[in-house]
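J.: Generate coordinates for the sequence data below:
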Amino acid sequence: MREMQVVANNIANLSTSGFRREGTVFAEHVYRMDQGPSLSMPHATGRVVDLSQAGLTMTGGPFDFAIQGDGFFLIETPQGNRLTRAGSFTPNEAGELVTPDGHRLLDAGGAPVFVPPDGGPVSMAEDGTISAGDTPIAQIGLWQPADPLT
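T.: Sure, this is the predicted structure:
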């Protein structure tokens with residue numbers, strides 16, 4: 001049953017930006033009875049999250065960023081800071097870059113990323129430095145989870 005739930009979740013999130021495919025690890029306990037067949041009891045012992053690099057798609061969005069290789073964006077949520085590979089952001093009314101759910105993107109120092117409205121076209125360098133026009137405004141941090149399964 002658990003494996004079917006994991007497969008259904010993988011299928012449901014197939015086109016979700018930043019989603020990581022999961023798998024289930026099973027163990028089986030076999031008890032050999034003195035007479036008759038053995039008794040087998042399988043159960044799910046854990047889960048595996050696929051952290052391999054997914055394909056990148058050019059969106060044309062001025063605030064859509066992608067990570068090539070390891071690392072995650074750090075976002076601020078009401079439940080605390082969270083990691084994500086989903087890189088679709090937009091400026092909110094205060095000029096801070098936020099996810100589609102309104103969670104703020106945090107820079108390498110853990111502060112919200114602010115984009116000045118009159119700063120010119122926004123670009124990102126390979127090292128994660130965001131510039132408005134020719135002026136650097138922030139550097140996006142690449143974060144690693146303490147435990148990749150959480």
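
J.: burial measure for residue 133, as a count.
T.: Using other C-beta atoms under 10 Å, residue 133 has 13 neighbouring residues. The way it works is simple: take the backbone N, C-alpha and C, and place the C-beta from them, glycine included.

J.: My read is that it contacts residue 115, right?
T.: No: Residue 133 is beyond contact range of residue 115, at 11.0 Å (criterion: C-beta atoms under 8 Å).

J.: how far away is the closest residue to residue 91 other than its chain neighbours from residue 142?
T.: The shortest distance from residue 91 to any non-neighbouring residue, by C-beta to C-beta, 6 or more residues apart in numbering, is to residue 115 (5.2 Å). Separation of residue 115 from residue 142 (C-beta to C-beta, to the nearest Å): 19 Å.

J.: The two: which has the busier surroundings?
T.: Using other C-beta under 10 Å, the more surrounded residue of residue 115 and residue 142 is residue 115, with 20 against 16.

J.: How much space separates that one from residue 97?
T.: From residue 115 across to residue 97, the span is 6 Å (C-beta to C-beta).

J.: Quickly list what's touching both of the two.
T.: 63, 91 (C-beta atoms under 8 Å, 6 or more residues apart in numbering).

J.: what's the distance between the nearest residue to residue 10 once chain neighbours are set aside and residue 6?
T.: Nearest-residue entry for residue 10: residue 21, 5.2 Å, with adjacent residues in sequence omitted and distances by C-beta to C-beta, 6+ apart. Per C-beta to C-beta, residue 21 is found 9 Å from residue 6.

J.: starting at the chain centroid, how far to whichever strand or helix holds residue 8?
T.: Assigning secondary structure by DSSP states H and E places residue 8 in helix 2-12. In terms of C-alpha atoms, centre = their mean, to the nearest Å, the gap separating the centre of helix 2-12 from the centre of its chain is 18 Å.
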